[in-house]
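# have a look; sequence and predicted model below, questions after that.
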Amino acid sequence: MAHQQTISQLLETLHRKYDEVKMGGGTKKIQTQHQKGKLTARERIDYLVDDGSWFLEIGAFAADHMYEEEGGCPSAGVVVVVGYVAGRQCVIVANDATVKAGAWFPLAAKKNLRAQEIAMENRLPVIYLVDSAGVYLPMQAEVFADKEHFGRIFRNNARMSSMGIVQISAIMGSCVAGGAYLPVMSDEAFIVEGTGSVYLAGPYLVKSSIGEDIDSETLGGATMHCEISGVTDNKFPDDKSCLDAIKRYIDKIGQPASAGFNRTIAVTPARLPEEIYDILPVDRLKPYDMRPILECITDASELDEYKPDYGKTIICAYARVDGWAVGIVANQRTMVKSGKGEMQMGGVIYGESSDKAARFIMNCNQKKIPLVFFQDVTGFMVGSRAEQGGIIKDGAKMVSAVANSVVPKFTFIVGNSYGAGNYAMCGKAYDPRLIFAWPTAQMAVMSGASAAKTLLQIQTAALKAKGEMITAETEKQILEDISAKYNQELSPYYAAARLWVDGIIDPTDTRRIISAGIEAANQAPVEKPFNVGVIQV
Ligand SMILES: CCC(=O)SCCNC(=O)CCNC(=O)[C@H](O)C(C)(C)COP(=O)(O)OP(=O)(O)OC[C@H]1O[C@@H](n2cnc3c(N)ncnc32)[C@H](O)[C@@H]1OP(=O)(O)O
């Protein structure tokens, strides 16, 4: 079972799967793209970003193991990265024409919207490298008309423009129907001669609707749009010259605003990042200390703990990561002893841990310190004692503080991410600027074993009410079926496929992702005052 694998096996799987998705629609489709004189989406990005610079890919595993009847859809047919172009951090969105001609599957819509969300939240310029057949026609009902379907992308183009976010498009292949709005609603729209085409209806549709015979180039090629319609602003002989022009344009953008997050000179951690591999236990039920993991990530391995002797199942600490000041909220996975002498289970949020975290989160908002969450949480404490202690209102306080935070939040799922613990520890629904899972992560409302036992009790009670008894055989079958379904859905790849997280990363990349994330967030001044609303006391 996945959770019994060693970290090196899990990393091997991660690298293998990433290598696979990087092949997009496969070798043959890549060759066809090259034969047409076009680069692939990933080659375009590699050429566009600054030489030797690192970029962060968002949603590499989107649609993993989905749309299999359609032949699969690696990375949801669109590659999204946050990277540097002419020294400027940008969001790049590149359609992968090797995957069903870059047609938009439902997950492609979600991923495009996530890319735009990242750009809007951080006020980053966006570069669209367009090469798409538009809506994936067999699935139009799931991608076309709803609020978070494709229409939203063009609505966002308009909203981003009015927010002052720079958008540059390059039409490097097909750009059909509704999709044609995207480049034209950008500030600048470039087109590649011979391969780029943009029109509301392609030659087949024109023929069938008005009987006109026309080829793609005459209908919507570079020359027509640059010389006759004025739809595109400039044409270039090939992909590289077009990408070079984008670099020159980005180079001339004025300096971004600053949120003023605190940064000093970075100090490398005293602990090696690779030590994380040894600290994480192979058996996920085994307790471990979260502190040394944090020390592998923070500058000089330093943590200034807030209330270290209180609410010990959550660690709250001020620290620096690559020079940036951060407030860390992390689940502690060792057994701890409360001030009242009670033993508390690691990974469980108790009333006092929740209270402490809520107050710490409020402190970070007060001080304009970005928050970083490390999740390994099985949920809030259950049982009569916890209920009598008001665990619901303590949890509500934490949820309120997280939801109303105005400082940027970043979330890393280290191990378990179960139940309301996912919410209070800034799961996807709580607007983390970035959220990544480690290969050891598991996400669900509860573990497979707990779900199976709970459902079994519900079914047994229902049968009993009808005067029937559950047989040992049925009981065994229910337990097996539910556990198997949950175990499959617990996988971080299941979460990444659906964009519940932005991706799965090698834990040793955590530090640079936090740094890149805060650098991006620092370009969007915090505009709203912090107001936590009505808090349950
Ligand atoms: C908002 C509203 C909208 O977007 S309506 C969108 C309407 N779209 C269209 O009419 C475009 C239809 N497609 C085309 O004209 C061509 O595929 C274009 C884009 C010119 C690309 O041609 P070419 O590079 O030769 O690729 P191809 O035709 O061999 O296609 C490769 C595989 O992709 C598929 N494909 C293509 N477009 C779509 C689509 N919109 N929906 C569903 N599937 C599409 C093709 O069938 C082909 O599939 P396969 O590889 O043979 O399995």
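Great, that's in hand.
# quick one: name the residues of this structure near the ligand.
100-101, 103, 133-138, 150, 174, 176-179, 202, 205 (CB under 6 Å from any ligand atom). In this view, the C-beta of every residue, glycine as well, is placed from N, C-alpha and C.
# in strands, which of those residues appear?
S174, V176 (DSSP state E).
# just the buried members of the residues of the chain next to the ligand?
With burial judged by 16 or more other CB atoms under 10 Å, the buried subset of those is 100-101, 103, 133-136, 150, 174, 176-177, 179, 202.
# need these in TSV with distance to K340 and pLDDT, can you?
TSV is the format used below for those (distance: CB to CB, whole Å; pLDDT from 0 to 100):
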residue	distance to K340	pLDDT
K100	60	97
A101	64	96
A103	60	95
A133	64	93
G134	63	92
V135	60	93
Y136	58	95
F150	56	93
S174	67	92
V176	66	89
A177	65	82
G179	62	79
G202	71	90
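# what number of residues lie near the closest residue to the ligand within the stretch 401-537 of the chain?
Here the residue of the stretch 401-537 of the chain nearest the ligand is A497; by CB to the nearest ligand atom that distance is 20.1 Å. A497 has 20 neighbouring residues, counting by other CB atoms under 10 Å.
# contact partners for the nearest residue to it once chain neighbours are set aside?
Using CB to CB, 6 or more residues apart in numbering and skipping the chain neighbours, the partner closest in space to A497 is D64 (3.9 Å). D64 makes contacts with K17, V21, Y493, Y494, A496, A497, as judged by CB atoms under 8 Å, 6 or more residues apart in numbering.
# check L14 too.
Per CB under 8 Å, 6+ apart, neighbours of L14: P439, I504, D506.
# then L294?
Neighbouring residues of L294 by CB under 8 Å, 6+ apart: L303, I315, A317, A319, I328, A330, F374.
# got it, and A386?
Contact partners of A386, counting by CB under 8 Å, 6+ apart, are Y350, G351, F380.
# re the thing from before, isn't the residue of the stretch 401-537 of the chain closest to the ligand up against A62?
Yes - using CB atoms under 8 Å as the test, A497 is close enough to A62 to be in contact (6.4 Å).
# shared neighbours, the two?
Jointly contacting A497 and A62 under the rule CB under 8 Å, 6+ apart are L107.
# before we move on, which element is the closest residue to the ligand within the stretch 251-400 of the chain in?
At 29.7 Å from the ligand, I253 is the closest residue in the stretch 251-400 of the chain, using CB to the nearest ligand atom. I253 is located outside every helix and strand, with elements delineated by DSSP states H and E.
# same question for A401.
A401 is located in helix 391-403, with elements delineated by DSSP H and E.
# and if you look at I478?
According to DSSP H and E, I478 maps onto helix 472-489.
# quick one: E352 is in a helix?
Yes - assigned with DSSP: H, G, I helix; E, B strand; the rest coil, E352 falls within a helix.
# show me the contacts for it.
Shown here is E352, whose contacts under the criterion CB under 8 Å, 6+ apart are Y310, G311, S338, D394.
# so the second one, which state does it fall into?
Under the three-state scheme (three-state DSSP), the conformation of G311 reads as coil.
# adjust the sequence numbering to begin at 46 for everything that follows.
Yes, from this point I'll number from 46; that puts the last item at G356.
# how many residues are close by it?
As a burial measure, G356 scores 28 neighbours (other CB under 10 Å).
# hmm, D439 is touching R404, no?
No - in this structure, D439 sits apart from R404 without contact. The criterion is CB under 8 Å, and the distance is 11.1 Å.
# which of those two has more neighbours?
Between D439 and R404, D439 has the larger neighbour count (other CB under 10 Å), namely 27 against 16.
# give the contact list for that one.
Each residue near D439 by CB under 8 Å, 6+ apart is listed here: G396, E397, S399, D400, A403, Q581.
# show the pLDDT at it.
Reading off the confidence values, D439 has pLDDT 94.
# distance from the chain centre to the host helix or strand of N410, please.
Using DSSP H and E, N410 sits in helix 396-411. The gap between the average C-alpha position of helix 396-411 and the chain average comes to 25 Å, counting by CA atoms, centre = their mean, to the nearest Å.
# and for stretch 51-71?
18 Å.
# which of the contacts of D109 sit farthest apart?
Taking every pair in these and measuring CB to CB, the maximum separation is 15.1 Å, between V66 and Y539.
# so these two - more neighbours on which side?
It is V66, of V66 and Y539, that has more neighbours when counted by other CB under 10 Å, with 21 against 18.
# contact partners for that one?
V66 sits next to A105, F106, D109, P119, S120 when contact means CB under 8 Å, 6+ apart.
# could you dump those into CSV with pLDDT added?
Written out in CSV, the entries for those read as follows (pLDDT from 0 to 100):
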residue, pLDDT
A105, 98
F106, 98
D109, 98
P119, 98
S120, 98
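# give the residue spans of this protein that score low on pLDDT.
Per-residue confidence for the chain (pLDDT under 70) gives these ranges: 46-49.
# need the outlier residue of it, farthest from its centre.
No residue in the chain has its C-alpha farther from the mean C-alpha position than G512, which lies at 48.8 Å (CA atoms, centre = their mean).
# next SSE after the helix holding I523?
Secondary structure here is assigned by DSSP H and E; on that basis, the next helix or strand after helix 517-534 toward the C-terminus is helix 537-542.
# how many neighbours does the closest residue to N279 other than its chain neighbours have?
Across the structure, with CB to CB, 6+ apart as the measure, the residue nearest N279 apart from its sequence neighbours is F235 (5.4 Å). Other residues lying near F235 total 27 when counted by other CB under 10 Å.
# show the contacting residues for the nearest residue to M390 once chain neighbours are set aside.
Beyond its immediate neighbours in the sequence, the residue positioned closest to M390 (CB to CB, 6+ apart) is M380, lying 6.4 Å away. Shown here is M380, whose contacts under the criterion CB under 8 Å, 6+ apart are P332, M388, Q389, M390, G391.
# need these in a markdown table (columns: distance to I480).
Below are those laid out as a markdown table (distance: CB to CB, whole Å):
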| residue | distance to I480 |
| --- | --- |
| P332 | 25 |
| M388 | 32 |
| Q389 | 27 |
| M390 | 25 |
| G391 | 22 |
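# hmm, back to that, tell me the angle of the helix holding N410 relative to helix 436-448?
20 degrees (axes from the mean of the first three to the mean of the last three CA atoms, to 10 degrees).
# now the helices for the stretch 296-445 of the chain?
Taking DSSP state H, counting those that start in this stretch as the criterion, the stretch 296-445 of the chain carries its helices at 320-324, 335-340, 396-411, 429-433, 436-448.
# in a strand, the residue nearest to N279, correct?
Yes - for F235, which was evaluated using three-state DSSP, the result is membership in a strand.
# neighbour count for the contacts of L339 - can I get that in a markdown table?
Below are the contacts of L339 laid out as a markdown table (neighbours: other CB atoms under 10 Å):
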| residue | neighbour count |
| --- | --- |
| L348 | 20 |
| I360 | 26 |
| A362 | 21 |
| A364 | 22 |
| I373 | 27 |
| A375 | 24 |
| F419 | 25 |
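# ok, of those, which one's closest to D141?
Proximity of the contacts of L339 to D141 was ranked by CB to CB; the top entry is F419 with 32.5 Å.
# show me what that closest one bridges to in the sheet.
Legend: beta-bridge partners of F419 under DSSP bridges are A375, F457.
# thanks again, I'm all set now.
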